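K.L.:
whatever this is, show me its structure:
(chains A, B, C and D)
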There are 2 protein chains.
Amino acid sequence: MVTIASWNINSVRLRMPLVERLLREEAPDVLCLQEIKTVAELFPAAELAALGYEHQVVHGQKGYHGVATVSRIPLREVSRHDWQDNGEARHVGVELLGPQGQGMVVENVYVPAGGDIPDRTQNVKFGQKLDFLERMTRWADTVDRPTLIVGDFNIAPLESDVWSHKQLLKVVSHTPVEVEALARFQDAHGWADLGRQHIAAPQRYYSWWSYRSANWQTNDRGRRLDHMWASPELAAQATAHRVLEPARAWDRPSDHVPLVTEFTL
Amino acid sequence: MVTIASWNINSVRLRMPLVERLLREEAPDVLCLQEIKTVAELFPAAELAALGYEHQVVHGQKGYHGVATVSRIPLREVSRHDWQDNGEARHVGVELLGPQGQGMVVENVYVPAGGDIPDRTQNVKFGQKLDFLERMTRWADTVDRPTLIVGDFNIAPLESDVWSHKQLLKVVSHTPVEVEALARFQDAHGWADLGRQHIAAPQRYYSWWSYRSANWQTNDRGRRLDHMWASPELAAQATAHRVLEPARAWDRPSDHVPLVTEFTL
DNA sequence: GTCTATATAG
DNA sequence: CTATATAGAC
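P.N.:
Coordinates of the predicted model:
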């Protein structure tokens, strides 16, 4: 069995106590982090190694974005895509090497948030987000081996992925143009949405609650921005999937919670 | 008996836990704070009142400087001198009104640091510091009732007020021109230096250790920048004086430690 | 080194 | 609201 987790940590240095808690409580074999907000030199490599996650690939940048995949299973970096072509660190791909993971490819991605206005002409960031998705779709066309892609997609595609479909139709992350772009990406490889494979729509499923909303626990204005998607042949081996909602209430939390999937490989 | 404390707190909002600890451990009747670094609206008035310090005068400003005097004894504000004439909040004077303090005047002052270069022509801040002291001296000429002046004077006048007289002769805070300006201020009213009245030179007496010096506890490169000076008739009633050095090692400390003096009034 | 303010991002 | 980076102050 192999367990893989994904978490937008919103500064890994600030939240190492939370990362440690996740690793102790869930003990995933692989953890994919997004928004590490640090360069590789300042990544808490030693602490993670001490916790058993000695295999690490870090694609960081100063202050913003940045992704890292750490593992108890040996792995090697196989790609670093820059789907925006602007130097931002938003993806790293690895291949698991151990007797367990055996050749499985894990793509760790942090899709751009896309700014506030859902219009290419008024908001360049929105255009960049769509461009990112389009280039990622072209890449997906070429994927020819069992692959898992996880991370913060910054899009909640389904109605039950948001607290109010109607009120979020014009809010970046849930607009039809984004949902359609994500659907094209999904179709390009036939990705299986593992989250919804285990927690089927229209069940409530959120992975992110804004810091700005005060009583987030009561109001529950969440969105499912984080995903774990698998090649069809891999999806059949995903035996369990958890959304660690309690992590949103941990001390000084990330605004995202971890997702965990178990595979029988 | 009346106990009066003075402390450059270097942001009162950030260090309220330390202020609370001081108030619980020393229980002074009056606490004079410097460098509160906040406007009066954001001063932690309610917390201090809850600790028994319900009488408060706050002369704050946004981000920089700012002084406040809080007390268990009733008091009234009697002055707010702007000895630099630039709008900075560096002084507030109060009169104690209770049956204990009875008419004692407490002047709370934060003398400008003065920049790095001890030369008026090269460094305007150094000139402003000297101007401040000169105007404060003209004011001292007029003091005609028992007065205590406390605060961060930003000058260490004696050789034993610094870790190395020789190495600090050209360092702002211990230059002869500053020491002479402070001596003129002292002579203008005949202020008694209560610190040195109780811990006589050449004994070591420091109230400040720079954040920048790494092993400040071992190297002990301190300076006596904080003072409590009294009118001659009041000085005779100062029965005890303490320098709370341990406070420099408290969690997330100020770079200054509190001074406490007890009076039999 | 440790603060505050500001700008930018999410 | 919660982050990071930077500048200025001490």
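
K.L.:
partners of the nearest residue in space to A:Met104 that is not next to it in sequence in the sheet?
P.N.:
Sequence neighbours aside, A:Leu96 is the residue nearest to A:Met104 in space, at 4.7 Å (criterion: CB to CB, 6 or more residues apart in numbering or on different chains). (C-beta placed from N, C-alpha, C; glycine too.) For A:Leu96, the beta-bridge partners under DSSP bridges are A:Leu75.

K.L.:
whichever residue of the stretch 51-200 of chain A sits closest to DNA strand D: neighbouring residues, count only.
P.N.:
Taking CB to the nearest atom of the strand as the measure, the stretch 51-200 of chain A has A:Gly63 as its residue closest to DNA strand D, at 2.9 Å. The tally of other residues near A:Gly63 (other CB atoms under 10 Å in any protein chain shown) stands at 10.

K.L.:
cool, and A:Lys166?
P.N.:
8.

K.L.:
and A:Trp191, by the same measure?
P.N.:
23.

K.L.:
excluding sequence neighbours, find me the nearest residue to the residue of the stretch 1-150 of chain A found nearest DNA strand C.
P.N.:
Closest residue of the stretch 1-150 of chain A to DNA strand C, CB to the nearest atom of the strand: A:Ala113 (3.6 Å). Of all residues not flanking A:Ala113 in the chain, A:Asn154 sits nearest, at 5.2 Å (CB to CB, 6+ apart).

K.L.:
return the residues of chain A in contact with DNA strand C.
P.N.:
By CB under 7 Å from any atom of the strand, the residues of chain A that approach DNA strand C are A:Tyr64, A:Pro112, A:Ala113, A:Gly115, A:Lys125, A:Asn154, A:Tyr211, A:Arg212.

K.L.:
confidence score at the first one?
P.N.:
In other words, A:Tyr64. The score at A:Tyr64 is 96. That number is its pLDDT.

K.L.:
that's a strand at it, yeah?
P.N.:
No. Read with DSSP: H, G, I helix; E, B strand; the rest coil, A:Tyr64 is coil and lies in no strand.

K.L.:
need the strands for the stretch 51-200 of chain A, in chain order.
P.N.:
Under the criterion DSSP state E, counting those that start in this stretch, the stretch 51-200 of chain A carries strands at the ranges A:55-59, A:67-71, A:75-79, A:91-96, A:105-110, A:147-152, A:192-193.

K.L.:
a markdown table for the ones you listed, including mean neighbour count?
P.N.:
Formatted as a markdown table, the strands of the stretch 51-200 of chain A follow (neighbours: other CB atoms under 10 Å in any protein chain shown):
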| stretch | mean neighbour count |
| --- | --- |
| strand A:55-59 | 22 |
| strand A:67-71 | 26 |
| strand A:75-79 | 15 |
| strand A:91-96 | 24 |
| strand A:105-110 | 24 |
| strand A:147-152 | 26 |
| strand A:192-193 | 19 |
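
K.L.:
who's in contact with the closest residue in space to the residue of the stretch 51-200 of chain A closest to DNA strand D that isn't next to it in sequence?
P.N.:
Nearest non-adjacent residue to A:Gly63, counting by CB to CB, 6+ apart: A:Lys37, 6.2 Å away. Shown in contact with A:Lys37 (CB atoms under 8 Å, 6 or more residues apart in numbering or on different chains): A:Asn10, A:Ser11, A:Val12, A:Arg13, A:Gly63, A:Tyr64, A:His65, A:Gly66.

K.L.:
generate a ChimeraX selection restricted to the buried subset of the residues you listed.
P.N.:
Command for ChimeraX, covering only those of the contacts of A:Lys37 found buried under the criterion 16 or more other CB atoms under 10 Å in any protein chain shown:
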select /A:10,12,65,66
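
K.L.:
quick one: name the residues of chain A near DNA strand D.
P.N.:
Residues of chain A lying near DNA strand D by CB under 7 Å from any atom of the strand: A:Asn10, A:Ser11, A:Arg13, A:Leu14, A:Lys37, A:Thr38, A:Lys62, A:Gly63, A:Tyr211, A:Arg212, A:Ala214, A:Arg252.
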